[in-house]
Structures are given as C-alpha cells and as structure tokens.
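Undergrad: Quick check, what structure comes out for this input:
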Amino acid sequence: MKKKAGKKSGADAAAVLMLEDGTFFKGKSAGYAGEAAGFITFDTSVGGYQELLTDPAVKGHIICMTWPEQGNTGINSGDYESSAVHAAGFVAAQISRYTSNWRAEGDFRSWLIKNKITSIDGLDVRAIVRHIIKKGEMGAVISAVDFDKTSLLKKARAAAGIKIAPVSTDKEYKWDSRKKITGLDLFDKETVYLKVSDNKRKFKVAAFDFGIRQSALKMFASAGCEVIVLPASTKARRVEEIKADGVFLSGGPGDPREMKEIQAEIKQLLGKVPVLGTGLGCQLMAAAAGIKIDRMKAGHRGGNHSIINTRTKGVEVASQYHGFSINAESIKKSNSGFEPLLINLNDGDIEGIDSKKLKAFGVQYYPQARPGKHDAPFVFNKFIDYMKSAKGVK
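TA: Prediction:
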C-alpha cells in the first residue's frame, strides 16, 4: 500500500519484514530496496508470479509465496493481467538471479526494481505461512531503509486498517474482440484444450469492472461475446440502455461488505438479466441477494484448490485469490433463490452459488486461469446457456 523510496538496487542489501503482532523476520532485499506496507497474504501457486502481481485483486497486499523458487522464468509482455503492478510487496524464500525460459523478455528482479515493488527473500516462508494460518492475515511492512522495530511495528499496525477501493476503468469501453485466448503451439490438441465454447450466437455482455483481469475479457471474446466494460460506479439502468444480454461482475480488491452502493445496483439487475460473478463479483452478488459475507482468517489464494460440484459430483482444481467467504447458514435462511453449487474440498467453504430462477451464477475462483481442462468452459457455457434461455433461443 504505502511505499517509501529507497535504493534502486536490491543486491543483497539487508531487509526486514514486520507483522502487526510484532513477529519479525530478517532477510535480503531482492527487488526495489525501499519500504512497503500492506496486508500480508500467502499464495500457493508454483508459478504465475507476473499474472499474480498485475492482478488488481492483490492491490495493497504483501504476497508471500509458498513455493521456494520464484522468478526463474523471467517476465514477458504476454502475461500481464492489467496494465499496472498492484501488489504492495513480495516475499519469497528465493528470488532467482537467473532467467531460463524461451518466452522471457527480461528478468524478474529488474522488473521488480523498475516497478518499485519492495521485495524480500532469504527468510523462512514456511514459518510465515504457519503464522498466518494460526493468527490470520494481518498488516505488515517490508523495509530496506528502516530497521527500528518500534517504528516498523507502528507502520505494520497502521497498514492493517487501510481501506482498499475497487480498481476500475474511468470510462466505458468496448473490448477488442480480436484479443482472444491464444495458445503457444506446444502440443497437438492445444486448440481443444483452449476451446471455451461451441456457442454460435453473439451475445452482448456488460462487464462491471471492479478490478477485471484481461484474461476474463479474452475468454468472453473466445466464446463469441461482445463485451462492453463499465466502470464500477455504473448504474443498473445502463445495462438496459446498451441492450446487454447478460452481466459479468468481475473480481477485484476490497471488502464487499462495505460496497453498499454497488450491491444496491446489482440487486436491481438480479432476475432481470442473466448474471455471472467471479471472485469479488460473486461475493457482491451474494451480498446483494441478502447473503452474509464473512472475512476469512486466511484466504484461498493459489492455483491448487480442489472443488466439487454438488450436482455432478465432478471435481476440479481451481485458481483462486479471495479473502472473503459466503456464509453457508445465511444462504439457507436468505430465501434468495441461490443455493451452493461448488464446495471447497479442503475446508468445506462455498466456492460457487447458482439460482436457476434468477439465471444468476457465481464462482469464487478464476475460471480463466484454467489449472484444469474443464473449469473455464463449464463457467462460461453455463452463463451462455442462461443468456440463451433468457432470449428464448437455442
């Protein structure tokens, strides 16, 4: 969140990590040797650090990676999820000094310095993760310029109370339908793997941008949809004005419980037009329907979360980054028309909700990240089926 200028070279300079409860770690500066305060989380992904750090959902977060080696595949222009780096800081056991990948256009450490992302390695990430699991996510500060524990503790505690607003476009725009999911020509059936939908009809989707990922927009384009991206503050009536066939509520940062005005607009849309929500969008849709949203002690963040479909009993491995959950008891009592559809096999949390009556559907994960072969087509095809049903076409 808050960044303080420091030296531009992080080559083995000393750095420290302070958590708001006073837990303290020493390490080495591995990126921009400055100072950054934010909310510390951990992510279990093996790779994908560039996509993660440019995902608007991580705004204000200091991300601790559980996988020990980060940065060895470098950076390239095709793996951005947005036009900016949104993370406050980065923590890893080791951030590689070497780059070895045929797609690499630069090295990770230089990219961190260029984007002024304060980073630290050379510390025990297992101890950090265990602490977060036990005590919960909390405020933190990484510093290569301030080593006074009293000062650092004050900064870490202040970081815990910082409010995060949605990251959104200022103006409405139409996504370029030529920008679709593309393969790397690595194997014969790659086009089958990347296929999103057999849909032959063109639907217009109004995408509310709360921190939208470019890969989501590419998935819609690959499914044959025309996408109009709307600012987070857009009123519900705009959906009717542009004659949208469906509404997409994107993921993003922030506490959905505090976004009352956005919830009110979504409430007006439910039952009038098919709705798909992912991440924050799913939580906002649930809250708009009167379902309670809870903050998680330690969020679901990473590329290896197993979920089960309560109807088909099929299991998928999904990529996630969220720190709020849908309250199971509340959904039973809400009379909202929603029911649990997807359940996390690790902790039993609700990962997806569905209402056939409202033609509304939401998932807590990123279908466009596609760790598994079938998760993305399932989500997008279900939404397309709801739009077909609403228009009375096949």
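Undergrad: Grab the nearest non-local neighbour of N72.
TA: Distances taken as Cβ to Cβ, 6 or more residues apart in numbering put S96 closest to N72, at 4.0 Å, once the chain neighbours are dropped. Quick note: C-beta positions are derived from backbone N, CA and C, even for glycine.
Undergrad: which ones are touching the one you found?
TA: With contacts taken as Cβ atoms under 8 Å, 6 or more residues apart in numbering, S96 has the following neighbours: E69, Q70, G71, N72, F108, R109.
Undergrad: Next, the contact list for T44, please.
TA: By Cβ under 8 Å, 6+ apart, the neighbours of T44 are T66, W67, R301, G302, G303, N304.
Undergrad: what number of residues lie near the first one?
TA: This points to T66. T66 has 18 neighbours, counted by other Cβ atoms under 10 Å.
Undergrad: Now do it, the pLDDT please.
TA: Per-residue confidence (pLDDT) for T66: 96.
Undergrad: just the helices in the stretch 151-300 of the chain please.
TA: Using DSSP state H, counting those that start in this stretch, the helices found in the stretch 151-300 of the chain span residues 190-194, 214-222, 237-241, 260-269, 280-288.
Undergrad: most neighbours per residue, which of the ones you listed?
TA: helix 280-288 (a mean of 29; mean count of other Cβ atoms under 10 Å).
Undergrad: Just the CA trace of that one, in CSV.
TA: C-alpha atoms of helix 280-288 as CSV (Å, rounded to 0.1, in the frame of the first residue of the first chain):
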residue,chain,number,x,y,z
LEU,A,280,-15.4,-10.2,-5.6
GLY,A,281,-18.2,-10.1,-8.2
CYS,A,282,-19.6,-13.4,-6.8
GLN,A,283,-19.4,-12.0,-3.2
LEU,A,284,-21.1,-8.8,-4.2
MET,A,285,-23.9,-10.7,-6.0
ALA,A,286,-24.4,-12.8,-2.9
ALA,A,287,-24.5,-9.8,-0.6
ALA,A,288,-27.0,-8.1,-2.9
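Undergrad: related to what we said a few turns ago, need the max-distance pair from the contacts of T44.
TA: W67 and R301 (12.4 Å; Cβ to Cβ).
Undergrad: more crowded one of these two?
TA: More crowded of W67 and R301, by other Cβ under 10 Å: R301, with 26 against 18.
Undergrad: name the helices or strands packed onto the host helix or strand of that one?
TA: Per DSSP states H and E: R301 is located in strand 293-309. Here strand 293-309 touches strand 33-43, helix 125-135, helix 280-288, strand 315-326, strand 339-344, strand 350-355, going by 3 or more Cβ pairs under 8 Å, 6 or more residues apart in numbering; DSSP states H and E.
Undergrad: Using PDB, write out every CA atom in it.
TA: Taking C-alpha atoms only, strand 293-309 is exported to PDB below (Å, rounded to 0.1, in the frame of the first residue of the first chain):
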ATOM      1  CA  ILE A 293     -20.300 -12.500   3.600                       C
ATOM      2  CA  ASP A 294     -17.500 -13.300   6.100                       C
ATOM      3  CA  ARG A 295     -13.800 -12.400   6.200                       C
ATOM      4  CA  MET A 296     -11.600 -15.500   6.200                       C
ATOM      5  CA  LYS A 297      -8.900 -16.000   8.700                       C
ATOM      6  CA  ALA A 298      -6.500 -17.000   5.800                       C
ATOM      7  CA  GLY A 299      -7.900 -16.700   2.300                       C
ATOM      8  CA  HIS A 300      -7.900 -19.100  -0.600                       C
ATOM      9  CA  ARG A 301      -5.000 -17.900  -2.700                       C
ATOM     10  CA  GLY A 302      -3.200 -20.200  -5.100                       C
ATOM     11  CA  GLY A 303      -3.600 -22.400  -8.100                       C
ATOM     12  CA  ASN A 304      -4.300 -25.800  -6.500                       C
ATOM     13  CA  HIS A 305      -7.700 -25.600  -4.700                       C
ATOM     14  CA  SER A 306      -9.900 -28.700  -5.200                       C
ATOM     15  CA  ILE A 307     -13.600 -28.000  -5.500                       C
ATOM     16  CA  ILE A 308     -16.600 -30.300  -6.000                       C
ATOM     17  CA  ASN A 309     -19.800 -29.700  -8.000                       C
END
